[in-house]
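Peer 1: next come a sequence and a model predicted from it.
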Amino acid sequence: MNLPPKIKNRGLASADSHIFYRPIWHVKANALMAFRPEAISQGQVRTQKGDMAFLTSVLDVITKKDKNGQNTLALLPIRFKFLIDQSNRKAFLEILKMLQIDMRNRLVIEISEIPAAIEGQDLKHILDPFKAYCRGFICLSPIDERNFRRFSFPGVFATGFDLRNNNRGEVELIDRITRFVSRASALEFKVIGHGIQTISLATNAVCGGVNFLSGDAIHEPIPSADGAVHFKPAHLFGLGQITLAG
């Protein structure tokens with residue numbers, strides 16, 4: 001993707017930041033068919049400028065994959081803090097407008113760190129301009145989220161949680177996941193769970209109704225987003241392999 005200089009040069013240099021892709025298990029399809037980029041930085045504090053550098057580099061990568069005939073869904077994580085800045089939204093929208101139609105249909109935007117005080121109307125106002133340029137939105141929230149109605153507007157098809165920094169015991173987490181899914185599914189949301197670290201947690205999440213899963217128990221991050229791969233039990237034990245794009 002040929003990014004305009006004013007966008008391409010915005011943010012931190014990426015020399016010390018490496019992007020890996022976390023495979024996401026689509027439970028019903030029994031496939032690793034979506035990939036979530038993660039920036040692994042060396043000594044970098046994540047800032048809004050860093051977010052822009054990350055987003056532009058990720059979109060550049062997944063656009064190239066698209067041209068090479070990859071048949072994957074790309075999940076693009078964005079912090080809410082980044083989106084509340086009007087100049088960031090404008091620049092990001094300029095980038096999305098450069099995506100081809102097929103790429104837009106396979107791009108899912110995932111918003112994290114949404115403050116509990118943000119009402120649905122305000123969130124809708126922020127996300128609406130991007131709706132025409134992606135497949136849809138996922139809104140991540142705390143595992144104890146109760147107000148899922150604030151996500152109930154066109155474009156948001158799923159909500160989810162991230163357990164990577166959660167210190168609760170596994171038994172308690174399983175109970176919280178069950179409640180989360182119950183509340184979300186009552187409003188017909190799909191549910192995605194990140195940070196699934198153990199096989200038992202993965203098993204209980206599936207039994208509890210989580211639709212999409214990622215984390216070390218599912219598959220380690222890989223250096224290149226590859227096409228959809230049939231999910232095998234070996235992946236849960238870290239024995240599965242994904243053929244990387246050349």
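Peer 2: The structure has been received and is ready for your questions. Numbering: from 1, shown residues only.

Peer 1: the chain: helices as residue ranges?
Peer 2: For the chain, applying DSSP state H gives helices covering 5-8, 48-67, 80-83, 86-96, 101-104, 120-127, 170-185, 199-207.

Peer 1: so the longest one versus helix 86-96, what angle?
Peer 2: Helix 48-67 and helix 86-96 are oriented at 10 degrees to each other (axes from the mean of the first three to the mean of the last three CA atoms, to 10 degrees).

Peer 1: which residues of this structure score low on pLDDT?
Peer 2: 1-17, 40-50, 65-71, 226-227, 233, 237-246 (pLDDT under 70).

Peer 1: mind doing that once more with 90?
Peer 2: For the chain, applying pLDDT under 90 flags the ranges 1-23, 29-75, 95, 98-106, 164-169, 219-246.

Peer 1: if we can go back for a sec, CSV for the helices of the chain, including mean neighbour count?
Peer 2: No exception for glycine: its C-beta is placed from N, CA and C like everyone else's. What follows is the helices of the chain, written out as CSV (neighbours: other CB atoms under 10 Å):
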stretch, mean neighbour count
helix 5-8, 12
helix 48-67, 19
helix 80-83, 19
helix 86-96, 16
helix 101-104, 13
helix 120-127, 16
helix 170-185, 17
helix 199-207, 17
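
Peer 1: could I get these in a markdown table, plus columns for distance to Ile143?
Peer 2: Below are the helices of the chain laid out as a markdown table (distance: least, CB to CB, whole Å):
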| stretch | distance to Ile143 |
| --- | --- |
| helix 5-8 | 35 |
| helix 48-67 | 24 |
| helix 80-83 | 17 |
| helix 86-96 | 28 |
| helix 101-104 | 31 |
| helix 120-127 | 19 |
| helix 170-185 | 5 |
| helix 199-207 | 11 |
